[in-house]
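S.K.: just need the structure, nothing else, for what follows:
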Amino acid sequence: MNKRLFVAEHGDDAISQPPIGAIVAEIGTEIVFDPSGLDRYNVKGFEPCHYDLLVICAAIELADRRWKRPQTWKRSLELSIPVIDLKRWNRGDVQEALKATLSKLTGDRWHFHFREANSHAPIGSRQRPLVFDERWKFAIAYSDGLDSRAVASLCDPAGKVLCIRVSGNRQRRADGDSHFDRIPFKVRSSRGRESSFRSRGFQFAAITAVAAHLAKIERVVVPESGQGALGPAFLPPYGVYRDYRNHPVFFRLMEKFLDLSLGSGVRFEQPRLWSTKAQTLKAFLALPSRDDDHLRNTRSCWQQRSIVNVGGRKQCGLCAACLLRRMSLYAAGVTEHDGAYVISDLGTPSAAEALATIASEVDREIMIEYGTAGVRHFQDLAEMAVWDDGKIRVHVSEVATALGETNNETNKNLRLLLKQHADEWVAFLASRGEQSFLLKWLGGLND
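M.R.: Purely as a prediction, here's the structure:
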């Protein structure tokens with residue numbers, strides 16, 4: 001049975017009388033954003049197609065997070081969305097490209113019904129100074145993580161980078177940050193039941209592409225390094241759909257959708273695809289006026305739960321994102337400050353001892369689940385370095401096709417990446433000591 005979401009405008013009758021079987025989300029209540037933040041990139045300002053795409057992104061997020069996945073993973077999601085440029089979004093090729101992109105990204109079936117919006121009011125408002133003499137070389141989805149900090153500088157040390165941060169909250173510019181523009185974007189839902197949020201990749205790519213389109217930029221740089229871009233698609237956990245959020249296959253589909261829907265010509269580049277995160281960080285540190293502190297004040301942990309907010313906001317230290325961060329900073333020769341992580345000591349023989357600072361037993365069990373999954377993933381990725389050509393061929397072929405490269409060239413690059421990851425992972429484990437509980441986890445032991 002389809003899960004149905006009806007996006008309503010203010011005053012829509014559906015708010016008080018929802019369509020049968022549908023959940024209603026109101027623009028201005030559940031969907032909140034300020035399109036005027038993009039006005040400065042183009043003298044003509046924000047266009048209806050751009051506003052429509054933001055509404056579509058918000059609706060996709062609401063649907064993706066509202067309904068919990070079954071054990072078989074795939075859901076059938078049906079969305080009814082008001083748009084200003086109805087003719088554009090009702091085109092068959094646009095809808096097919098949208099559904100193909102989301103299906104590959106999330107593993108779900110998507111159905112869209114577009115209807116004409118009653119109000120065109122959000123279009124054309126200008127609430128900030130116009131600066132049209134700026135010339136950016138490329139756009140980048142800019143988070144407060146290690147990769148975006150490093151790659152923005154590596155691709156253009158002069159700073160001619162259009163950095164877009166998608167966030168509902170105002171964020172200060174940290175030491176070492178490139179200048180970034182924040183696009184206020186918030187989806188409010190008190191009944192979110194699904195945490196996988198695979199559509200986040202679509203949201204980030206679409207909003208960055210809108211900014212690039214307005215600024216007349218065709219290059220969008222994806223900062224993710226090789227382990228994060230390819231590993232989640234190569235080695236998904238059992239019963240979990242492959243994660244394509246930073247995989248070249250997704251970006252080729254996204255380019256086609258944007259070409260058809262916006263006529264944008266935007267192309268996504270992955271300059272660090274064949275580098276590990278540590279190699280990217282080393283290259284960043286080799287730039288003039290860059291030092292370890294410019295990496296220490298970034299954040300990689302995605303967790304928002306109470307355990308990372310005790311005594312000031314910290315990073316958990318044990319999820320897959322934290323493990324990759326810690327391994328990469330170690331390989332790059334960067335020592336983090338004491339107290340950076342809730343779970344600080346990974347060298348202790350006992351996981352229970354390492355997690356003793358976490359008061360809740362439930363939270364400790366969740367962190368052990370996250371930690372064991374992360375450790376196993378990085379070990380499996382390291383073991384891929386010695387796979388024979390027959391076993392690795394399916395991954396090589398998929399990446400080569402998406403990049404327009406030969407299988408031989410891709411096979412060579414991928415093997416170099418996997419070998420580098422394996423070396424870094426082995427060195428990181430050794431640095432924790434022979435008694436580390438991480439090694440016990442790899443041996444199948446738990447405490």
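
S.K.: for the residue lying closest to residue 241 once chain neighbours are set aside, give its distance to residue 68.
M.R.: Of all residues not flanking residue 241 in the chain, residue 107 sits nearest, at 3.5 Å (C-beta to C-beta, 6 or more residues apart in numbering). Every residue, glycine included, has its C-beta placed from N, CA and C. Per C-beta to C-beta, to the nearest Å, residue 107 is found 14 Å from residue 68.

S.K.: again, but for residue 392
M.R.: The value you get for residue 392 to residue 68, if C-beta to C-beta is used, is 34 Å.

S.K.: domain parsing of this structure, as residue ranges.
M.R.: When the chain is parsed with automatic domain parsing, its domains come out as 3-187+195-269, 299-442.

S.K.: looking at these, which one has the lowest mean pLDDT?
M.R.: Lowest mean pLDDT within the domains of the chain: domain 3-187+195-269, a mean of 85.

S.K.: that one spans what distance, first to last residue?
M.R.: Distance between the two ends of domain 3-187+195-269: 35 Å, counting by C-alpha to C-alpha, to the nearest Å.

S.K.: please state the offset of it from the chain centre?
M.R.: Chain-centre distance of domain 3-187+195-269: 11 Å, with C-alpha atoms, centre = their mean, to the nearest Å.

S.K.: OK, contacts around the nearest residue to residue 146 once chain neighbours are set aside?
M.R.: Nearest residue to residue 146 in three dimensions, chain neighbours excluded: residue 298, at 5.1 Å (C-beta to C-beta, 6+ apart). Residue 298 makes contacts with 144-146, 149, 174, as judged by C-beta atoms under 8 Å, 6 or more residues apart in numbering.

S.K.: which of the residues you listed lies closest to residue 366?
M.R.: residue 145 (22.1 Å; C-beta to C-beta).

S.K.: what about that closest one, how many residues nearby?
M.R.: By other C-beta atoms under 10 Å, the residues close to residue 145 number 19.

S.K.: list phi and psi for it.
M.R.: For residue 145, the backbone dihedrals are phi -90, psi 180 (criterion: degrees, to the nearest 10).

S.K.: ok, now which ones touch it?
M.R.: 223, 298-300.

S.K.: and what of residue 338?
M.R.: Taking C-beta under 8 Å, 6+ apart, one finds residue 344 in contact with residue 338.

S.K.: and it, how far from residue 344?
M.R.: Residue 338 sits 8 Å away from residue 344, going by C-beta to C-beta.

S.K.: do residue 107 as well
M.R.: Distance from residue 107 to residue 344, by C-beta to C-beta: 36 Å.

S.K.: same check, this time on residue 30
M.R.: Residue 30 is 39 Å from residue 344, by C-beta to C-beta.

S.K.: ok, back up a step: mind checking the SS state of the residue nearest to residue 146?
M.R.: For residue 298, the reduced secondary structure class is coil; criterion used: DSSP: H, G, I helix; E, B strand; the rest coil.

S.K.: now do the strands in the stretch 101-250 of the chain.
M.R.: Secondary structure of the stretch 101-250 of the chain by DSSP state E, counting those that start in this stretch: the strands cover 109-116, 138-141, 161-167, 180-187, 219-221.

S.K.: the residue nearest to residue 241 is in contact with residue 198, isn't it?
M.R.: Yes: using C-beta atoms under 8 Å, residue 107 is in contact with residue 198, at 7.1 Å.

S.K.: so how many other residues sit close to the closest residue to residue 213 other than its chain neighbours?
M.R.: Leaving aside its sequence neighbours, residue 213 sits nearest to residue 264 (C-beta to C-beta, 6+ apart; 4.4 Å). Residues lying near residue 264 (other C-beta under 10 Å) number 21.

S.K.: OK, contacts around residue 264?
M.R.: By C-beta under 8 Å, 6+ apart, the contact set of residue 264 is 209, 212-213, 218, 258.

S.K.: quick check, nearest of these to residue 319?
M.R.: residue 209 (28.9 Å).

S.K.: against which helices or strands is the longest helix along the chain packed?
M.R.: What stands out as the longest helix in the chain, according to DSSP state H, is helix 407-432. The contact analysis (3 or more C-beta pairs under 8 Å, 6 or more residues apart in numbering; DSSP states H and E) places helix 407-432 against helix 226-234, helix 320-331, helix 361-383, helix 389-403, helix 437-442.
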